[in-house]
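S.K.: Next comes the sequence, and after it the predicted model I'd like to discuss.
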Amino acid sequence: MRIALLLLALFAALPARAQDTPGPERVVMKLEDFLKLYEQTRDRPKEPPKPPSSWSVSSARYDGKVIFDHGAPTSAVFDATLRIEVLEQKGWVKVPLLPATVALRSAKLGNQDASVIVDGGWYWLATDRTGTLDLKLSFAVSVFSHEGASGLSFELPKSGGATVSLAVPTSEDLDFEVADARVLQVRTEGGNRIVDASIPVTGSLSVTWQHKLPEATKAQEARVYAEVFSLLGIGDGLLQETATIQNTILFAGVDTLKVAIPDGMTLLDVKGAGIRDWKVTDDTLVVGLNYAAEGAYPLTLQLEKVVGQGDLQTDAPLPTPLGAERVKGYLGVEARGNLEIGAGGAATGATAVDVRNLPAAILGITTQPVLLGYKYLSADAKIPLKVTQHEDVDVLVTLLDHAQATTMWTADGRRMTKVVYQVRNNRKQYLRLALPEGAELWSASLGGRAVQPARSADGKVLLPLVRSQAQGGALAAFAVEVVYVEQGTAPDAGGRGTFTAQLPTADVPTTYVAWQVWAPEGAKIGKRSIEGSLRHVEAFSNPVPMTDMAEMPAMDVATVQTAQSQANTGALGQGAAPVPVSLPLTGAPIYFEKLLALEEPLKVQFAYHGLKNR
């Protein structure tokens, strides 16, 4: 390598030949200068690789002690030692230490105060030192207390390993819990209960503790009085009960409550403050609390029992607190369905009360009327109930608000009729129409869209329906239209005859029927001869006027989508869609109307003359 460099320098020192073409600029130096430069550069060290991080915390140790004020824990003071490795060889680095939610008291590197800054809600060490640093911190955190449990929590910086030791000055036994601890030990030393734990390298430190209450102390000193407020709902083959047990605990705290569950009842849920766990063994509920409850303590139970459909004779299920000095309670009974509930006999240890006098703890948790009310003063009370199941009554699910019929009557006796029904439908699949005898159906439509009707086994025409959309708290109406023709009877040679016609009979009620018959030019109607089930009028009274109805080709998107879905599945019938038919109107109109048609013939008849030679 050296020889090649020397030759290169020698060639560079030679003068350029005149005949050579101009080349790049060259550097000319003496050989001794070149050798000196070479010796200066050949042993220069290479640039060291850049570390993956400018710092790391290889280990962290947190030692804390809880501070009490007037007998209650208020804060904890920690001394922490962080071993920090500064990997950056030059310049300043920032190392996260603690969240700014804690109160930092001091930070020292050796005997000197460390440079600490606050940025982004954290305390940071700012240093230009390199290598291993042992940083000592002193800080304080707040302690919370809730329902007999105390604790503290704060975030930690990432470290290779972290251990914590927390001392609580007390001579009583404590239950400690350190979130996500890998190793947990509890010891007593110098009048302190101390927990030692190893915690994950990332996350936060969360420690909680609570006192243990000796079982013998509870049994000897605590006295419990209980009131039970029960709401019993009966329906759908179930007994469903919500029972709130209001415990009054005197003289000492208790951390265990027991309740006798009525035979056959299933306990679904238990709610109360500070419940650690609960279980049912041999029809006895045992509730463990994470603190010793005193004073007023409510416990709410949700229970149910399957009793099946039909009439029922049963005693009201009454949860009974166990270990209480005195138990009294109230019971309210409500029906959830078409049931009749009454007393099944004389109650034992209980008396009936006016439901209006039941406590708000019962009346305030239901919107149904409470039918029966009882008060009892004994844990052995029996309240017999009698339940009678009644059959549901079918109600109207489809209604024709308005039927607008128009008949074009020709001089040779033929008739073409269009009927538009204003329909509100909740559940019905088809509108069944019995067409007049001999009538031929020409077209049918639903919401302005042609549909293919079907025919039932009894000869009725089945027109598919959609479900009405909700509109302003009610069902929106849509239109169903049919057009049919009849041969009729032609007038005699003298131009006289009798007009007899009948509208289709629907299988659902029609609130108002309006029928307009257009007579041929020159026809004279014998008004005294008019008869039938509709009343002849000079003009329609319209007590139920036609309203705007949803049309499928229009902007009613919901109706369009529903109809399209039914069409795709064949619900609107199979085969080719009928051709819409327009009704030509000439001559003079005759008006007929009827209020409330209930599956009855809608028929008119009258004599006429004046159609000779037409």
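M.R.: Happy to help now that I have it. Numbers count the residues shown, from 1 in each chain.
S.K.: What's opposite the nearest residue to V485 once chain neighbours are set aside in the beta bridge?
M.R.: Residue nearest to V485 in three dimensions, not counting chain neighbours: M416, with 4.9 Å by CB to CB, 6 or more residues apart in numbering. From N, CA and C alone the C-beta is placed, and that goes for glycine too. Listed beta-bridge partners, M416: M408, V485 (assigned using DSSP bridges).
S.K.: Is there a neighbour count for M416? I'd like the number.
M.R.: When neighbours are defined as other CB atoms under 10 Å, M416 has 20 of them.
S.K.: what are the ranges of the helices in the stretch 251-400 of the chain?
M.R.: 360-363 (DSSP state H, counting those that start in this stretch).
S.K.: In it, where is pLDDT below threshold?
M.R.: 392-395 (pLDDT under 70).
S.K.: what are the ranges of the strands in it?
M.R.: 266-271, 275-281, 284-306, 312-315, 320-322, 326-335, 339-343, 350-352, 370-376, 384-389, 398-409 (DSSP state E, counting those that start in this stretch).
S.K.: again with the stretch 501-614 of the chain
M.R.: Using DSSP E, counting those that start in this stretch, strands in the stretch 501-614 of the chain cover 505-506, 510-519, 524-525, 531-532, 535-537, 588-597, 602-609.
S.K.: among the ones you listed, which is nearest I84?
M.R.: I84 lies closest to strand 510-519 among the strands of the stretch 501-614 of the chain, at 87.6 Å (CB to CB).
S.K.: Next, the buried residues of that closest one.
M.R.: Under the neighbour-count criterion of 16 or more other CB atoms under 10 Å, strand 510-519 has T510, Y512, V513, A514, W515, Q516, V517, W518, A519 buried.
S.K.: Need the contact partners of that strand.
M.R.: 399-409, 421, 499, 501, 503, 525, 534, 540, 542-544, 585-597, 602, 604, 608 (CB atoms under 8 Å, 6 or more residues apart in numbering).
S.K.: at 6 Å instead, please
M.R.: 400-409, 534, 540, 543-544, 585, 587-595, 597 (CB atoms under 6 Å, 6 or more residues apart in numbering).
S.K.: again, but for stretch 331-348
M.R.: 230-236, 313, 316, 358, 362, 366, 368, 370-374, 382-388, 390, 392.
S.K.: picking that back up, please identify which of the buried residues of strand 510-519 is nearest to P464.
M.R.: Closest to P464, out of all of the buried residues of strand 510-519 and judged by CB to CB, is T510, at 18.7 Å.
S.K.: how near is the closest one to E593?
M.R.: Relative to E593, T510 is positioned 11 Å away (CB to CB, to the nearest Å).
S.K.: Q112 too?
M.R.: Taken as CB to CB, the span from Q112 to E593 is 106 Å.
S.K.: Please apply the same query to G373.
M.R.: Relative to E593, G373 is positioned 54 Å away (CB to CB).
S.K.: what do you get for Y123?
M.R.: 89 Å.
S.K.: before we move on, what about A361?
M.R.: Using CB to CB, A361 is found at 59 Å from E593.
S.K.: One more: P200?
M.R.: P200 is 85 Å from E593, by CB to CB.
S.K.: between the two, who's got more neighbours?
M.R.: E593 (20 against 16).
S.K.: what does the model give the more buried one for pLDDT?
M.R.: pLDDT for E593: 94.
S.K.: Just the buried positions in the one helix or strand I249 maps to, please.
M.R.: Using DSSP states H and E, I249 falls within strand 238-260. By 16+ other CB under 10 Å, the buried positions in strand 238-260 come out as 239-249, 253-255, 257, 259.
S.K.: Pick the one among the residues you listed closest to D33.
M.R.: For those, the nearest to D33 is D255 (93.4 Å; CB to CB).
S.K.: Hmm, the closest one is touching V286, no?
M.R.: No. The criterion here is CB atoms under 6 Å, and D255 misses it with V286 at 11.2 Å.
S.K.: separation between the closest residue to V118 other than its chain neighbours and F139?
M.R.: Counting by CB to CB, 6+ apart, V118 lies nearest to A100, which is 5.7 Å off, once chain neighbours are set aside. If you measure A100 against F139 using CB to CB, the figure is 11 Å.
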